[in-house]
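Novice: just need the structure, nothing else, for what follows:
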Amino acid sequence: MTEAARPIKVVIAKSGLDGHERGAHAVTSLLRDAGMEVVYLGMFQPPERIAETALQEDADVIGLSSLNGEHLHFTRRVLGAMQDRQMTDVLLVVGGIVPAEDMAELHDMGVAGVFPAGSAMRDIVGFITGHVRAAGAGRG
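Specialist: Residues are numbered from 1 along each chain as shown. Predicted coordinates:
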């Protein structure tokens, strides 16, 4: 008998002084409705806490939400905190207000997926599911 896959586990957080969380709440609900386990850390999270929580929770994905234009700065810091913890198997996705001219730089940094405001929810779920399953994560 084969062991069933555990749900994909996602940590969603907002870093910096970004005080808008409507989009993060919507994505959190969407991922839960899709059968994923989601830990929502909320606003004003230090990058080190985001990475440490994802490590302790054995998360497959970190979702970083940014609506205040600080996405490049905080993404670098989250990636650094992930590298410090040797979290090479955790997918990082960024969403929110992300100008098109910053998308290539985010990918070059190591961000797996970028979902600017207005992205289709099915695309977010499909991307995470496809990439996590392809990497062999999400198993018990």
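Novice: just the C-alpha atoms of the one helix or strand in the chain whose mean pLDDT sits lowest, please, in CSV.
Specialist: Within the chain, confidence by mean pLDDT, DSSP states H and E is lowest for helix 22-33 among all helices and strands, at a mean of 87. Output in CSV follows, covering the C-alpha atoms of helix 22-33 (Å, rounded to 0.1, in the frame of the first residue of the first chain):
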residue,chain,number,x,y,z
ARG,A,22,-6.2,41.7,1.5
GLY,A,23,-4.3,39.9,-1.3
ALA,A,24,-2.4,37.7,1.1
HIS,A,25,-5.6,36.8,2.8
ALA,A,26,-7.3,36.0,-0.5
VAL,A,27,-4.3,33.8,-1.6
THR,A,28,-4.3,32.0,1.8
SER,A,29,-8.0,31.2,1.4
LEU,A,30,-7.5,30.1,-2.2
LEU,A,31,-4.6,27.7,-1.3
ARG,A,32,-6.5,26.2,1.6
ASP,A,33,-9.6,25.7,-0.6
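Novice: what's the spacing between that helix and its chain's center?
Specialist: 12 Å (Cα atoms, centre = their mean, to the nearest Å).
Novice: ok, now stretch 78-87?
Specialist: Distance, centroid of stretch 78-87 to centroid of chain: 13 Å (Cα atoms, centre = their mean).
Novice: can you check stretch 90-103 too?
Specialist: With Cα atoms, centre = their mean, you get 10 Å for stretch 90-103.
Novice: low-confidence stretches in this structure?
Specialist: 1-4, 16-20, 137-140 (pLDDT under 70).
Novice: can you map out the strands along it?
Specialist: Taking DSSP state E, the strands of the chain run over residues 9-15, 37-45, 61-66, 91-96, 113-116.
Novice: which strands and helices sit next to the last one?
Specialist: The contact analysis (3 or more Cβ pairs under 8 Å, 6 or more residues apart in numbering; DSSP states H and E) places strand 113-116 against strand 91-96, helix 100-109, helix 121-134. For every residue, glycine as well, the C-beta is placed using N, CA and C.
Novice: quick revisit: got the buried residues for the least confident helix or strand of the chain?
Specialist: By 16 or more other Cβ atoms under 10 Å, the buried positions in helix 22-33 come out as Gly23, Ala24, Val27, Thr28, Leu31.
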